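Novice: What follows is a protein structure lacking sequence information:
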């Protein structure tokens, strides 16, 4: 907290500042550096609330691997005012729902309630995140829950292969590690280690509280301030943390094949490489490329692998972004005996799109998919709340809906071709989970 | 089609009839017996469209096991006007999405689009469902896709255990079989068998077309009629099919334990029995019971098994309804070495709730959860479209939102106690997928 005060005293007056963002959203910065962003949607009867913390698994040292996610679990276990049952029961008794998730770069605690219950949701969720006890007995109990979560994940090979892929790309860089940690890192982690992580990282300047729904901005600010009063997040003057940039260019491993033996019915395959970070302007072209390549039923991979040949039920491409890097990959689940054929087809399609780019019709369809899914996604209060929070936390600014649609419209076939070449005309890494011995699949 | 004409001529005039349902929804019955239900939501910019057919896997003979689902796949493969690529590309080019799913009692084909694109969605989806070609080559290709879908499902033990459970309850009754069919039933199924199933079952009186969003009912009716004109669903006078009632009391097997060996990390467990059908008035009490027992983080099972003891990550109860039967069960995924302890805890909780019922506080919270999740679910055009269609297809009537909330409010603790006793004070069946030999787990 000393650090916060110093940062704040360097230039920022200890007062509340509020301004209007694009699309009528509003943003208030508290003296502590904690930000509150809201969007009023008067036509709805509900509200979504999220407390977003700009801390995730990539902020962990090897000894703390899994601490962000462990902490996320523990914050629902009780505060000075509430037991674990109180936290869930207060929200659920009014028909609301609450949950949380941890990513490599941020952590989100959220609730969705009827509009009249937003004050309750603010009170419960702020209390849980700001003032958790981390009771040692709860740490032991929750350790068991997390070990079961890890085991459950290992029973889902279609998910697990994505972790194998991330490790193939990033190795032991934090971006290559499991968000959950491993049994080896979770088992010995102590309550004090987690508590130090909590108090070091969960500081007001790292936190964005977002709400969308039938609400009034000033009221939400008042409710949040009241809920924060007297908690460890009620700190002296500081500036909000800037968006994460990454320290330097993330080192990526040489392309390689990793095969994890599991006694599964299908071969679960991911082929791909390192992609673009979220501050890269080419991300809109990558979005169009991804849609054309494997983003829907009309995409090339779906058509070639499923529609024409019936080799897979699930086949898709994806592009994920971190601050300073990203992942692009193609997933397919197929019969083990067909894995080579499917891999050859994926490689051929990636080579073709890298060499020749896309057609005008594909460009148009890829843009339509990007714009449509974005606009359709904006009808849900939860999605709108997430848009506000991620924009503030990850970009430090809210791009307007029209501006974003304009960015998609402005993408050219040449730009898509260029990113396709940049991403796919290079040696690619392969991750496989299936009934193979290590190294059995060809490069 | 002769059958339709005869049914229609028995009493129903060959004209279009439209009436207003509760909550301002509207329903039109075409002369063919096909129903159109819509709800206008002028505050949204999108529309959801669904074509619901009252036919599912329980309508299959053993030789046709999996035909409903196979057919659902094939209807996206092409019509006299469109290839498979046309169907998906037309919807996706405008940013919409389309898909389908098959259940044991009905099948749904749906699309979600921006409001201005609803005419396109109607044209594409009606064409696909009404006038599919079922090209023999496509049947062969899609057979491979379905076999991969079945294999994928077998790689998801947390899902597969529910199928094992259904078979433990219903045996070889159609409700006990996999919706997808099995490799043994799918491999030999011929194009002609599927086509006969299509033409015998996909008739106008069995179909409800539902839409919700920024739309006008009369316009939707006009669009649907135009799209249907000249297709095999453009048939002579008939009455809509009544809601499925089931022929007689579904025979349920004696309680038993079924253990499926898989080399998984977790033991995946379902314990439960036969429940109530959807026409049973006690279903509202079952909904409250389910919420209290295992419907959220504040539920008894979550608190006992996860919060207090850390034995599972995922633990929940559920209640599913068919026309004339249902399933109630508890799922938990846990370490194999803890399976007996978890099972004992579940059994103890089921016995306790069957013996003692629930507390006034639990009753209140269980009702709040039921009402809240229902109201929050109504904000999405897709959910509202589904509500309309299921009400019409499965109940023959739309229960108003206020009426439904009133039914939940009217549930008493005694009613919940009574259904808990009826459902859980009986021998229960157990399904387990995990690293066990058959019969290893105790009853």
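Specialist: Ah, there it is. For clarity, every value in this text was computed on a predicted model and none was experimentally measured.
Novice: Any buried residues in whichever strand or helix holds residue A:185, and which?
Specialist: When secondary structure is defined using DSSP states H and E, the element that contains residue A:185 is helix A:183-186. Burial within helix A:183-186, assessed by neighbour count using 16 or more other CB atoms under 10 Å in any protein chain shown, is assigned to A:185, A:186. Quick note: C-beta positions are derived from backbone N, CA and C, even for glycine.
Novice: How far off centre is that helix?
Specialist: 22 Å (CA atoms, centre = their mean, to the nearest Å).
Novice: burial count for the residue of the stretch 301-443 of chain A found nearest chain B?
Specialist: Residue nearest to chain B within the stretch 301-443 of chain A (CB to the nearest CB): residue A:372, separated by 1.1 Å. For residue A:372, the tally of surrounding residues (other CB atoms under 10 Å in any protein chain shown) stands at 22.
Novice: ok, now residue A:229?
Specialist: Under the criterion other CB under 10 Å, the count of neighbours that residue A:229 has is 11.
Novice: Equivalent analysis for residue A:192, please.
Specialist: 11.
Novice: The residue of the stretch 301-443 of chain A closest to chain B is in what secondary structure piece?
Specialist: helix A:360-377.
Novice: That helix: how far from the chain's middle?
Specialist: How far helix A:360-377 lies from its chain's middle: 22 Å, per CA atoms, centre = their mean.
Novice: now the residue of the stretch 301-443 of chain A closest to chain B, nearest residue through space, not along the chain?
Specialist: Counting by CB to CB, 6 or more residues apart in numbering or on different chains, residue A:372 lies nearest to residue B:95, which is 1.1 Å off, once chain neighbours are set aside.
Novice: What are the boundaries of the strands in the stretch 151-300 of chain A?
Specialist: A:207-213, A:257-261, A:267-275 (DSSP state E, counting those that start in this stretch).
Novice: any idea which of those is most buried?
Specialist: Mean neighbour counts were taken over the strands of the stretch 151-300 of chain A using mean count of other CB atoms under 10 Å in any protein chain shown, and the top value, a mean of 28, falls to strand A:207-213.
Novice: Can you confirm whether it lies near chain B?
Specialist: No: looking at strand A:207-213 against chain B by CB under 8 Å from any CB of the partner chain, there are no contacts, and the closest approach is 9.5 Å.
Novice: Who are the packing partners of that strand?
Specialist: In terms of contacts (3 or more CB pairs under 8 Å, 6 or more residues apart in numbering or on different chains; DSSP states H and E), strand A:207-213 is packed against strand A:35-40, strand A:46-53, helix A:118-130, helix A:381-390.
Novice: Tell me which of those sits most buried.
Specialist: Among the helices and strands packed on strand A:207-213, judged by mean count of other CB under 10 Å, the one packed with the most neighbours on average is strand A:46-53 (a mean of 27).
Novice: Give the pairing partners of that one; include direction for each.
Specialist: Here strand A:46-53 has these sheet partners by DSSP bridges: strand A:107-114 (antiparallel), strand A:207-213 (antiparallel).
Novice: The first one vs helix A:381-390, what angle?
Specialist: In this case it means strand A:107-114. Counting by axes from the mean of the first three to the mean of the last three CA atoms, to 10 degrees, strand A:107-114 lies at 140 degrees to helix A:381-390.
Novice: do the shortest one as well
Specialist: Comparing the axes of strand A:207-213 and helix A:381-390 via the same axes, to 10 degrees yields an angle of 150 degrees.
Novice: which non-adjacent residue is nearest residue A:394?
Specialist: If the residues on either side of it in the chain are set aside, residue A:394 comes closest to residue A:243, at 5.5 Å by CB to CB, 6+ apart.
Novice: Okay then, goodbye and thanks.
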